[in-house]
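A.B. asks: requesting a structural model of the entry that follows:
(one chain, ligands or ions: 1)
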Amino acid sequence: MTPSSEQTDTVPHPGPGLKSIRLKHKLLVGIFIVYIPLLSLFYFLQLPQWLVLGGAVFLLLLGIVVAFMIGLTRCPACGQLFHVRGMGGSIFTGTCMHCGISLKRRV
Ligand SMILES: [Zn+2]
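C.D. replies: This next block holds a predicted model:
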């Protein structure tokens with residue numbers, strides 16, 4: 001057994017994990033993009049105020065939940081938290097804060 005084959009046996013294939021992280025990023029960006037236009041549409045359609053406020057609170061809570069899901073995502077290559085290192089971090093980073101693997105990597 002060569003050292004390179006041992007390494008491929010122990011390191012999980014990062015492709016599906018990276019795809020999942022990219023999907024969560026796209027979902028959060030989609031929520032940001034949809035938020036103002038959708039609530040403006042609700043307002044201009046003169047829907048009941050409770051529905052406009054309910055939609056705003058729902059989208060806000062959905063964004064917070066997705067942001068937490070992104071923040072707690074583990075890197076498929078190194079197993080550490082992808083977006084957090086120590087006390088710092090960013091949910092918008094495109095590279096792992098520990099091993100540096102990029103989300104742009106296509107496998
Ligand atoms: Zn990593």
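A.B. asks: now do the phi/psi pair for L72.
C.D. replies: The phi/psi pair for L72 (degrees, to the nearest 10) reads phi -100, psi 10.
A.B. asks: swap that for S90, sorry
C.D. replies: Backbone dihedrals for S90, given as degrees, to the nearest 10, come out at phi -150, psi 130.
A.B. asks: the one 4 residues further on now?
C.D. replies: Dihedral angles phi and psi of G94 (degrees, to the nearest 10) take the values phi -100, psi 0.
A.B. asks: OK, contacts around the residue nearest to it when sequence neighbours are not counted?
C.D. replies: Computed as C-beta to C-beta, 6 or more residues apart in numbering, the closest residue to G94 that is not its neighbour in sequence is L103, at 4.7 Å. No exception for glycine: its C-beta is placed from N, CA and C like everyone else's. Contact analysis of L103 by C-beta atoms under 8 Å, 6 or more residues apart in numbering lists L18, I21, R22, H25, G94, T95.
A.B. asks: format the residues you listed as CSV; extra columns: pLDDT.
C.D. replies: Converted to CSV, the contacts of L103 look like this (pLDDT from 0 to 100):
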residue, pLDDT
L18, 90
I21, 93
R22, 93
H25, 94
G94, 92
T95, 94
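A.B. asks: out of the residues you listed, which touch the ion?
C.D. replies: Subset of the contacts of L103 in contact with the ion: empty, counting by C-beta under 5 Å from the ion.
A.B. asks: low-confidence ranges, this structure, go.
C.D. replies: 1-14, 106-107 (pLDDT under 70).
A.B. asks: how about the residues of it near the ion?
C.D. replies: C75, A77, C78, C96, H98, C99.
A.B. asks: out of the contacts of L103, who's nearest the ion?
C.D. replies: Proximity of these to the ion was ranked by C-beta to the ion; the top entry is T95 with 8.5 Å.
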